[in-house]
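Novice: Predicted model and sequence below, questions to follow.
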Amino acid sequence: GAGVSQSPSNKVTEKGKDVELRCDPISGHTALYWYRQRLGQGLEFLIYFQGNSAPDKSGLPSDRFSAERTGESVSTLTIQRTQQEDSAVYLCASSPNAWTGELFFGEGSRLTVL
Amino acid sequence: TQLLEQSPQFLSIQEGENLTVYCNSSSVFSSLQWYRQEPGEGPVLLVTVVTGGEVKKLKRLTFQFGDARKDSSLHITAAQPGDTGLYLCAGAHSNYQLIWGAGTKLIIKP
């Protein structure tokens, strides 16, 4: 497709389970971001990938969160031992040039932890 | 800590009225973006402003970048129900780090 694709769009899980969220960026976009958005709030930076450079993981809230990206392709965000406070929409964005601040977002993955 | 303060946080007005949303910071940005997010969707880029004092128009939306490149405003003329959404501003510092405002939730009542 032409846009950023995220899956699943909705995920309901039980506390303590692991979840994996997937992001397929726009082809050719070297920069990829993950953000978290709690209900009615702004965007919380989680992690940034740029090509084959070391990612900026400074926004990951705990060691239960991890993310991977191989080259300029698909990225996965993994949350281990989910907690209720992890409930949020997880947004992925890609950009051809992160320096411009112009990001293209997917529709997000809504995570609900019961 | 760099902040981008966005105001108001919430605005509910009647169709046809005008409104202005503000983003203010003590930091100088190389560029500033405005995004609109509708329920269940990701944010969509509306505009990028780069030059101090720059004004850009997108139909009924007017975006202005402050002379010192520390603040920006979004003015909507004759608001319509289709303008309803969450408006987010983001400032860039010529690197990948973006500073995001908390958003303005706008509701336009028919």
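Specialist: Right, received. Where do you want to start? As the structure is a prediction and not an experimental result, all values here were calculated from the model. Residues are numbered from 1 along each chain as shown, chains lettered A, B, ... in the order given.
Novice: Mind checking what helix or strand follows the helix or strand of chain B with the lowest mean pLDDT in sequence?
Specialist: Scoring the helices and strands of chain B by mean pLDDT, DSSP states H and E places strand B:98-100 at the bottom, with a mean of 92. Once strand B:98-100 ends, the next helix or strand along the chain (criterion: DSSP states H and E) is strand B:104-109.
Novice: Now tell me what touches that following strand from outside.
Specialist: A:40, B:6-15, B:19, B:21, B:76, B:79-88 (C-beta atoms under 8 Å, 6 or more residues apart in numbering or on different chains). Every C-beta, even on glycine, is put in place using the N, C-alpha and C of the backbone.
Novice: now do the same end-to-end measure for stretch A:19-32.
Specialist: Length of stretch A:19-32, first residue to last, C-alpha to C-alpha, to the nearest Å: 20 Å.
Novice: Please state the offset of that stretch from the chain centre?
Specialist: Averaging C-alpha positions (C-alpha atoms, centre = their mean, to the nearest Å) puts stretch A:19-32 8 Å from its chain's average.
Novice: same thing with stretch B:62-80?
Specialist: That offset, for stretch B:62-80, works out to 7 Å (C-alpha atoms, centre = their mean).
Novice: Equivalent analysis for stretch A:71-83, please.
Specialist: Worked out by C-alpha atoms, centre = their mean, stretch A:71-83 lies 7 Å from the chain centre.
Novice: For that stretch, the averaged confidence score.
Specialist: Averaging pLDDT along stretch A:71-83 gives 94.
Novice: List of residues touching it?
Specialist: Contact partners of stretch A:71-83, identified using C-beta under 8 Å, 6+ apart, comprise A:13-25, A:28-30, A:32, A:34, A:46-47, A:49, A:51-52, A:64-69, A:86, A:90, A:92, A:111, A:113.
Novice: That stretch: end-to-end distance?
Specialist: End-to-end distance (C-alpha to C-alpha), stretch A:71-83: 30 Å.
Novice: Next up, the contacts around A:Gly51.
Specialist: A:Thr30, A:Gly71, A:Glu72.
Novice: and of those residues, the nearest to A:Phe104?
Specialist: Nearest to A:Phe104 among the contacts of A:Gly51 is A:Thr30, at 12.5 Å by C-beta to C-beta.
Novice: Report the contact partners of the closest one.
Specialist: Applying C-beta under 8 Å, 6+ apart, the residues contacting A:Thr30 are A:Gln50, A:Gly51, A:Glu72, A:Ser95, A:Pro96, A:Asn97, A:Ala98.
Novice: List the residues that contact the most centrally placed residue in chain A.
Specialist: Closest to where the C-alpha atoms of chain A average out (C-alpha atoms, centre = their mean) is A:Trp34, at 3.3 Å. Taking C-beta under 8 Å, 6+ apart, we find A:Trp34 in contact with A:Cys23, A:Leu46, A:Ile47, A:Tyr48, A:Ala67, A:Ser75, A:Leu77, A:Tyr90, A:Leu91, A:Cys92.
Novice: Point me to the helix or strand that includes it.
Specialist: strand A:31-37.
Novice: That strand pairs with which strands, and in what direction?
Specialist: strand A:44-50 (antiparallel), strand A:88-95 (antiparallel) (DSSP bridges).
Novice: what about A:Arg38, neighbour count?
Specialist: A:Arg38 has 12 neighbours, counted by other C-beta atoms under 10 Å in any protein chain shown.
Novice: I'd say it and A:Asp86 touch.
Specialist: No: taking contacts as C-beta atoms under 8 Å, A:Arg38 lies outside contact range of A:Asp86: 10.1 Å.
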